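*Asks:* Predicted structure and sequence below. I'll ask about it afterward.
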Amino acid sequence: MSDRYIKPDWFTRNVFNRVVRAFTRMGFSVWGSRILRVRGRKSGEWHSHPVNLLTYEGQPYLVAPRGHTQWVRNIRVAGEGELVLGSKVQRFKAIEVPDEQKVPILRDYLKRWKFEVGMFFGGVSDRSPDGELRRIAPDHPVFRVGSIS
């Protein structure tokens, strides 16, 4: 398993994420943005992160372009979280997608958000061969957003 993680730089943390978070909290989705809320694996406290929610073949997915981030580590332990858009809160169960099933999901994610996150995929794009997407799959956790019964 990969442990690749690219920390956000100052501009991303202090400008970009704050702007996206503000619009999303007001109920405006910026290219599919949501606020992911997940409990910390150590503290148990809620943490919030702006994410892009991908719909692939009718199913919602979360992809971690920066790798094994803190939200990824937390959601693996918690097994669930919340997606927020404005005043709408959707609780969900997180189902991690195995590496061998990620290729079409990563391709679709890159097709939609390459302009924003392409630099985190090491030159791989939505037009790259399947083998290249398979090679980077362990570096990019993917979760299907499932219903909580």
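*Replies:* Cool, the structure landed.
*Asks:* Point to the helix or strand of this structure where mean pLDDT is at its lowest.
*Replies:* For the chain, using mean pLDDT, DSSP states H and E, the weakest element among its helices and strands is helix 17-25, scoring a mean of 85.
*Asks:* And the next helix or strand after it, what does it pack against?
*Replies:* Scanning forward in sequence from helix 17-25, with DSSP states H and E defining helices and strands, the next element found is strand 33-39. If contacts are counted by 3 or more Cβ pairs under 8 Å, 6 or more residues apart in numbering; DSSP states H and E, strand 33-39 sits against helix 17-25, strand 46-56, helix 70-78, strand 80-85. (Each C-beta comes from the backbone N, C-alpha and C, glycine too.)
*Asks:* can you tell which of the ones you listed is closest to H140?
*Replies:* Closest approach to H140 among the helices and strands packed on strand 33-39 (Cβ to Cβ): helix 70-78, 9.5 Å.
*Asks:* ok, residues contacting the closest one?
*Replies:* With Cβ atoms under 8 Å, 6 or more residues apart in numbering as the test, helix 70-78 has contacts from 36, 38-41, 47, 49, 51, 62, 64, 81, 94, 96, 141, 143.
*Asks:* give me that answer again for 6 Å
*Replies:* Where contact means Cβ atoms under 6 Å, 6 or more residues apart in numbering, the residues beyond helix 70-78 that reach it are L36, V38, R39, G40, R41, H49, A64, G81, A94, P141.
*Asks:* what's the pLDDT at the first one?
*Replies:* Which is L36. In the prediction, the pLDDT value recorded for L36 is 97.
*Asks:* State the number of residues packed around it.
*Replies:* Counted by other Cβ atoms under 10 Å, the residues lying close to L36 total 24.
*Asks:* just the last one next, same as before
*Replies:* With neighbours defined by other Cβ under 10 Å, the count for P141 comes to 27.
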